[in-house]
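Q: Got a predicted structure plus its sequence, pasted below:
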Amino acid sequence: AQKVTQAQTEISVVEKEDVTLDCVYETRDTTYYLFWYKQPPSGELVFLIRRNSFDEQNEISGRYSWNFQKSTSSFNFTITASQVVDSAVYFCALSALNSGNTPLVFGKGTRLSVIA
Amino acid sequence: DTEVTQTPKHLVMGMTNKKSLKCEQHMGHRAMYWYKQKAKKPPELMFVYSYEKLSINESVPSRFSPECPNSSLLNLHLHALQPEDSALYLCASSQQTGGWDNEQFFGPGTRLTVL
């Protein structure tokens, strides 16, 4: 069975602070993919990143960075110098090669509020 | 073009009405999905179409009826809904359902209210 845990339900930070959103996953598959999506108040889920299980290289994209550690089954997301526009719900998700019927398993999401 | 469009944006319907939600993508994706999302919850998968054939039905009540007329279009027909069906309905598409090209791109959703 696949499972994604986002233990932080809500986080509130002041603008320009750095913030890390945690994601821990469970799967028995050796081939799997991890994703982060952003859902602003408008409702649309915006794809941010995909990582496959064979690539543990960390990634940086502007103010966003991702730390993938197979040893701890974690795929954490850091926003540097946060901005009000970063306020949204962030979902971590998992897709395993032999996931059976569910192509994408979502965590419960972390609501990030960035205060000016 | 990485856009998935959905119409309408908002829909209010009575329990005896019949309505349809529409979704369209022009990215050449061969997999399309319907999700239901209640407030403060993650999206819940309802249906998956792969190459225009229904491949997954997550035990969704028959009052929801999906249809995939062609590889770019996905409909969700609604009939005799209940107030608890009020939610945000999201459509998504991906190149494939599994393997490398599996990232899903989502539409803006239809916010449905059942009175």
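A: Okay, I see it.
Q: Name the next helix or strand following the helix or strand hosting residue B:21 along the chain.
A: Using DSSP states H and E, residue B:21 sits within strand B:18-25. Note on strand B:18-25: by DSSP H and E, the next helix or strand toward the C-terminus is strand B:31-37.
Q: orientation of that next one relative to strand B:18-25 in degrees?
A: Angle of strand B:31-37 versus strand B:18-25, following axes from the mean of the first three to the mean of the last three Cα atoms, to 10 degrees, is 130 degrees.
Q: pull the CA atoms of the first helix or strand past strand B:31-37 going along the chain into PDB?
A: Per DSSP H and E, the first helix or strand lying C-terminal to strand B:31-37 is strand B:44-50. What follows is strand B:44-50, C-alpha atoms only, in PDB (Å, rounded to 0.1, in the frame of the first residue of the first chain):
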ATOM      1  CA  GLU B  44     -10.100  12.000  -4.200                       C
ATOM      2  CA  LEU B  45      -9.800  10.000  -7.400                       C
ATOM      3  CA  MET B  46     -13.100   9.200  -9.100                       C
ATOM      4  CA  PHE B  47     -12.400   7.900 -12.600                       C
ATOM      5  CA  VAL B  48      -9.500   7.300 -14.900                       C
ATOM      6  CA  TYR B  49      -9.600   7.100 -18.700                       C
ATOM      7  CA  SER B  50      -6.700   5.700 -20.600                       C
END
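Q: roughly how far is strand B:44-50 from the heart of the chain?
A: 7 Å (Cα atoms, centre = their mean, to the nearest Å).
Q: what mean pLDDT would you report for that strand?
A: Strand B:44-50 comes out with an average pLDDT of 94.
Q: ditto for stretch B:93-110
A: Computed over stretch B:93-110, the average pLDDT equals 84.
Q: So for that stretch, what gets flagged as buried?
A: B:93-95, B:97-98, B:102-110 (16 or more other Cβ atoms under 10 Å in any protein chain shown). To be clear about C-beta, it is placed using only N, CA and C from the backbone, and glycine gets the same treatment.
Q: now stretch B:77-91
A: Per 16+ other Cβ under 10 Å, stretch B:77-91 contains these buried residues: B:78, B:81, B:85, B:86, B:87, B:88, B:89, B:90, B:91.
Q: which residues touch it?
A: By Cβ atoms under 8 Å, 6 or more residues apart in numbering or on different chains, the residues outside stretch B:77-91 that reach it are A:43-45, B:4, B:6, B:13, B:15-21, B:23, B:32-39, B:43, B:63-67, B:74, B:76, B:106-107, B:109-115.
Q: Same question for stretch B:45-61.
A: Outside stretch B:45-61, the residues that reach it (Cβ under 8 Å, 6+ apart) are A:101-104, B:30-36, B:44, B:64, B:66, B:68, B:70-71, B:74, B:76, B:96-97.
Q: again, 6 Å this time
A: The contact list for stretch B:45-61, computed with Cβ atoms under 6 Å, 6 or more residues apart in numbering or on different chains, reads A:101, B:30, B:31, B:32, B:33, B:34, B:35, B:36, B:66, B:68, B:71, B:97.
Q: Quick check: end-to-end length of it?
A: Length of stretch B:45-61, first residue to last, Cα to Cα, to the nearest Å: 13 Å.
Q: and which of the buried residues of stretch B:93-110 is nearest residue A:67?
A: Using Cβ to Cβ, residue B:103 is the member of those that lies nearest residue A:67, at 19.3 Å.
Q: what's near enough to touch residue 111?
A: By default, I'm working from chain A. A:10, A:89 are the contacts of residue A:111 under Cβ under 6 Å, 6+ apart.
Q: Switch to chain B, please.
A: Counted by Cβ under 6 Å, 6+ apart, residue B:111 has contacts B:10, B:88.
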